[in-house]
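K.L.:
Quick one: sequence and predicted model below, then my questions.
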Amino acid sequence: MITGKGITKTFKQRGSVLAGRTVQALRGVDFAIPKGGAASFIGESGCGKTTLGRIIAGLETFDQGQITIGDTDLTSLPEKARQPHFRRIQMIHQDPYSALNPTRTIHQTLHAPLKLRAKQTGRDGRWMDERAAEVLALVGLDPGSVLSRYPHQLSGGMRQRVVIARALTVDPEMLVADEAVSMIDVSLRLGILALLKQLREQLGVSVLFITHDVATARYIGDDGELYVIYRGQVVERGAVDTVIADPVHPYTQSLLSAIPVLHGLEQPGSQPVVPVEALDASQETGGCLFAGRCPFRQDRCEGELPVLRLSDGLPQEHACFFPERRDVIARPLSEV
Ligand SMILES: Nc1ncnc2c1ncn2[C@@H]1O[C@H](COP(=O)(O)OP(=O)(O)O)[C@@H](O)[C@H]1O
Ligand code: SF4
Ligand SMILES: [Mg+2]
């Protein structure tokens, strides 16, 4: 189990116009991802998804909060002592082109982390070769034909598989996949998503999926939890199917209302939610972070920040004073 409590992160802006201004990237985020489980973080660009993923993977510091891996509270350890624990969490970046060194064959790419692992565990060169072949087979690649190749000789989908194989060399407990399919050919995306799902089942590795796309969030974690993030705050959290089929936070509803409808095949929901204004991340009123854009805003929303909680007998947590089910999801015409 990997848990986070109250994770807060502020960035100082750079650049001449923004210099000195701060951005509150994360505002007290809690999460819990069970061993072998799945969670998806969704939200629009700039909401803090990558920052949270990087913090979980140990690649970014945080201002306040607590992260626990298994029984180890990382926050209680000195910075240096945290690193071996973070090895248990590996990040898969969105761009498989820049993630691999173009001057190294796949054999060389896999052998760098394996060498370290062999040294730590007292294993020899033969083990390294066997393990390289094993991780490639796990991600559905033929070691015989791939090991001697360079990244440019592989397709984007194959490269992303190599990136995942490299992460597996260190026996991670969790993979953090940040927009892992967004730069891959559409025809190859489903294969990568299916692979991540298969690795969960086969190896018991948990997967944290970060995406701006509701459809992919659903695919990877249909038995897991969905976290909807808005301006650094989790505004809705629950079982993926519940949140997608029956969202109650107006922001989640606006995300789902924005999914294009297949003309002639689907009928749009009867109560689509459209934000009344564009996102203005500089607006800090002390009230609900979505208040400036929310069509359902009331007086209370302006001066008080709703916290994530269970209420009104709803199955999911939400950060809204007036949660309400609305018909926002398109339905196939055949079911209407
Ligand atoms: N290294 C950084 N320096 C300054 N601001 C940053 C840095 N990284 C992220 N931010 C800011 O933090 C916010 C969240 O960014 P990010 O986590 O990348 O969002 P997302 O992945 O959801 O698009 C944004 O406003 C972004 O500009
Ligand atoms: S608290 Fe108010 S402004 Fe915020 S999402 Fe709910 S109804 Fe809208
Ligand atoms: Mg991002």
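P.N.:
Alright, I've got the coordinates. Everything numeric in this text was worked out from a predicted model, so none of it was measured. Ligands and ions are numbered 1, 2, ... in the order given.
K.L.:
What lies in contact with the lowest-mean-pLDDT helix or strand in the chain?
P.N.:
For the chain, using mean pLDDT, DSSP states H and E, the weakest element among its helices and strands is helix 214-220, scoring a mean of 78. Here helix 214-220 makes contact (C-beta atoms under 8 Å, 6 or more residues apart in numbering) with 38, 40-42, 177, 181, 189-190, 193, 196-197, 207, 209, 211, 226, 240-241, 244, 255-256, 259. No exception for glycine: its C-beta is placed from N, CA and C like everyone else's.
K.L.:
so what's residue 255 up against?
P.N.:
Neighbouring residues of residue 255 by C-beta under 8 Å, 6+ apart: 42-44, 214, 228.
K.L.:
With secondary structure, distance to ligand 2 and neighbour count added, can I get these in TSV?
P.N.:
Output for these, formatted as TSV (DSSP: H, G, I helix; E, B strand; the rest coil; distance: C-beta to the nearest ligand atom, whole Å; neighbours: other C-beta atoms under 10 Å):
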residue	secondary structure	distance to ligand 2	neighbour count
42	strand	16	25
43	coil	14	25
44	coil	15	15
214	helix	18	21
228	strand	11	29
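K.L.:
Can you name the two of the residues you listed that sit furthest apart?
P.N.:
Using C-beta to C-beta, the pair of the contacts of residue 255 lying farthest apart is 44 and 214, separated by 11.2 Å.
K.L.:
For the lengthiest helix in the chain, buried residues please.
P.N.:
Using DSSP state H to define each element, the chain has its longest helix at helix 186-203. Buried residues in helix 186-203, counted by 16 or more other C-beta atoms under 10 Å: 188-189, 192-193, 195-197, 199-200.
K.L.:
Output these in CSV; the columns should cover distance to residue 314 and pLDDT.
P.N.:
Conversion of the buried residues of helix 186-203 to CSV gives the following (distance: C-beta to C-beta, whole Å; pLDDT from 0 to 100):
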residue, distance to residue 314, pLDDT
188, 38, 81
189, 32, 83
192, 33, 88
193, 29, 89
195, 34, 93
196, 29, 92
197, 28, 90
199, 33, 94
200, 28, 93
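K.L.:
May I have the beta-bridge partners of the most centrally placed residue in the chain?
P.N.:
Ranked by distance to the mean C-alpha position of the chain (C-alpha atoms, centre = their mean), the top residue is residue 210 at 2.0 Å. Note on residue 210: beta-bridge partners residue 41, residue 178, judged by DSSP bridges.
K.L.:
which residues touch it?
P.N.:
Residue 210 is in contact with 40-41, 49-50, 52-53, 176-179, counting by C-beta under 8 Å, 6+ apart.
K.L.:
end-to-end on stretch 216-231?
P.N.:
In stretch 216-231, first residue to last residue: 21 Å (C-alpha to C-alpha, to the nearest Å).
K.L.:
That one vs ligand 1: in contact?
P.N.:
No. Legend: contact between stretch 216-231 and ligand 1 by C-beta under 6 Å from any ligand atom is lacking; minimum distance shown is 7.0 Å.
K.L.:
Can you report how many residues neighbour residue 129?
P.N.:
Per other C-beta atoms under 10 Å, the neighbour tally for residue 129 reads 16.
K.L.:
Just say helix, strand or coil for it.
P.N.:
Judged by DSSP: H, G, I helix; E, B strand; the rest coil, the three-state class of residue 129 is helix.
K.L.:
tell me the pLDDT at the residue nearest to the centre of the chain?
P.N.:
We have a pLDDT of 94 for residue 210.
K.L.:
For residue 319, give me phi and psi.
P.N.:
Main-chain torsions, residue 319, degrees, to the nearest 10: phi -110, psi 70.
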